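Participant: sequence below, structure please.
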Amino acid sequence: MSSSAAQAISSQPNFVILYVADPEASVSFYTRLLAVEPVEVSPTFALFVLESGLKLGLWQVTSIAPAAQLTGGGTELAIPLSSREQVDALCMRWWDQGVRILQQPTSMDFGYTFTAADPDDHRLRVFVMEM
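Facilitator: Predicted coordinates for the structure are as follows:
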C-alpha cells in the first residue's frame, strides 16, 4: 500500500466490542443499563448503537477468532456525566437494579466517579470531570 493511500484512511474508533460468556444475559444487562434496545442480535453477538453514535458490541468469548487470552476487567467503558448529583443518582439507580458496584462515588485526581461491573467483570466508570 502506498503512503498516500494510507494517509487517506480514517482511523477514528467508534465501535467497542466486549467479550461475554452469555450474550443473552449481557444483552439483558446492557438493555436495562443503557435504556436502549440492541439493533442486532444473534446467538453469539449483539450490537447497540448509542445516542452518542458509539457502537457497543457484545461477542460470545467462545466464538472469537483468533481466541482471546484476556477477558473482562482489563479496560473500562467510561460514561461522562455533567454533575456530582448525576453521578450519585446513577450509582443509586444501578444499585437498585442489582448492578455490582465496585467503587462507591468518590473524588479522584480527575473528578468525581464510581465504578461498576457487568456480568463478565468489564468495568463501567461513571464520572464528572473536575480538574
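Participant: all contacts plus neighbour counts: C-alpha atoms, from now on.
Facilitator: Noted.
Participant: apart from its neighbours in sequence, what residue is nearest the most centrally placed residue in the chain?
Facilitator: The C-alpha lying nearest the average C-alpha coordinate of the chain belongs to L77 (C-alpha atoms, centre = their mean; 3.9 Å). Nearest residue to L77, sequence neighbours excluded (C-alpha to C-alpha, 6 or more residues apart in numbering): L124, at 4.9 Å.
Participant: the one you found should be in a strand, yeah?
Facilitator: Yes: the assignment for L124 by DSSP: H, G, I helix; E, B strand; the rest coil puts it in a strand.
Participant: mind listing what it touches?
Facilitator: Residues in contact with L124, defined by C-alpha atoms under 8 Å, 6 or more residues apart in numbering, are E76, L77, A78, I79, T115, A116, A117, D118.
Participant: pull the number of nearby residues for I17.
Facilitator: Applying other C-alpha atoms under 10 Å, we find 13 residues neighbouring I17.
Participant: cool, thanks, talk later.
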